[in-house]
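K.L.:
Next comes the sequence, and after it the predicted model I'd like to discuss.
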Amino acid sequence: MKIAITSVGPTLDDPVEARFGRCPYFVVVDTDSMQFEAIENPNVALGGGAGIQSAQLMAEKGVEAVLTGNCGPNAFQVFNAAGIQVIVGVNGKLRDVVSDFNQGAFSTTSQANVPSHFGMGASPLVADPAAGGMGMGGGRGMGMGRGMGMGRGRFSGTDAGPFDLPGAVPGADRESLRAQAKVLEDQLKSINEKIAGLKNTGPAQGLIAVVDLMKCNGCGLCVDACPPGAIAINEQAEVAREKCTGCALCITACPEDALSLKARR
């Protein structure tokens, strides 16, 4: 059986990472042969939709079950549409987790166990040996400088310059600022390449976006978010089946929760 486990590192001796959408690695394991593939998570720095995009990635990898600490409702919806089992509350070394899975120690969950955007800046759950279980890392880390990877470009009007770059400090030298700008350029390039890739792909594995007409107000934000241009507004949103790739970016953009993913028929 092919399963995926969220991991702190790329080996079977690394511990489970409790955040799904923003875990550093996904380790895909063949539970029969113990052969594995470590996939560096490309969605860690996304401003939103990391869970959806990470779930879509797991669907593309053809995994049958995902084991993690926490899974939010948006990612869970993708898994449900793709027919992928979700197991939450998992911790320990990946090698031990696979062994426990093979022995039937885990039960599939029927719903998300954390709210949307739980992983944005949150401290991972860490095992507390003294308590014999899982404890919450102190604080949700929701203060300024949330580590989203993209500068907000706030105008300061002070001697520090027109833009407040992430990590910039007053009096930073020119070379330091250039290095920070280069990091942002690389991140933007990576995001644009991902968007371009979405435009050139066909329909995703069995998934399509659908509109809840009772909720859609025709605002058009989903149109702007859709890379292949599969959505149009005719008083309300309409999805072109032949264009939709199932990328789920429209779900993140919709303020009314009027979009979801369903299995193609």
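P.N.:
Perfect, I can see it now.
K.L.:
How about the secondary structure of the nearest residue to V239 once chain neighbours are set aside?
P.N.:
Using C-beta to C-beta, 6 or more residues apart in numbering and skipping the chain neighbours, the partner closest in space to V239 is A209 (5.1 Å). Any C-beta I mention is one placed from the backbone N, CA and C, and that applies to glycine too. Classification of A209 using DSSP: H, G, I helix; E, B strand; the rest coil returns strand.
K.L.:
Tell me what A209 is bridged to.
P.N.:
With beta bridges defined as DSSP bridges, A209 has these partners: L261.
K.L.:
so L46 sits in a helix?
P.N.:
No. Assessed with three-state DSSP, L46 is coil; it does not lie in a helix.
K.L.:
pretty sure it is touching L57, no?
P.N.:
No. If you go by C-beta atoms under 8 Å, L46 and L57 don't touch, sitting 11.8 Å apart.
K.L.:
Please say which of these two ends up with more neighbours.
P.N.:
A count of neighbours by other C-beta atoms under 10 Å puts L46 above the other of L46 and L57, at 22 against 17.
K.L.:
The closest residue to that one other than its chain neighbours: neighbour count?
P.N.:
In space, and not counting its chain neighbours, L46 is closest to Q53: 6.5 Å by C-beta to C-beta, 6+ apart. Using other C-beta under 10 Å, the number of residues around Q53 comes to 23.
K.L.:
Run through the stretch 1-150 of the chain and note the low-pLDDT ranges.
P.N.:
Low-confidence segments of the stretch 1-150 of the chain, defined by pLDDT under 70, span residues 47, 117-150.
K.L.:
all helices of this structure, in order?
P.N.:
Using DSSP state H, the helices of the chain run over residues 50-60, 73-82, 94-102, 174-199, 221-225, 249-253.
K.L.:
for the record, mean pLDDT for the fifth one?
P.N.:
For helix 221-225, the per-residue pLDDT values average out at 92.
K.L.:
contacts for it?
P.N.:
Among residues not part of helix 221-225, those counted as contacts by C-beta atoms under 8 Å, 6 or more residues apart in numbering are G229, I231, A232, I233, A237, L249, C250, T252, A253, C254, P255, L259.
K.L.:
Quick check: the third one touching E238?
P.N.:
Just to be clear, that refers to A232. Yes. With contact defined as C-beta under 8 Å, A232 counts as touching E238 (5.3 Å).
K.L.:
Just the buried residues of stretch 3-22, please?
P.N.:
Within stretch 3-22, the residues scored as buried using 16 or more other C-beta atoms under 10 Å are 3-7, 10, 12, 14-22.
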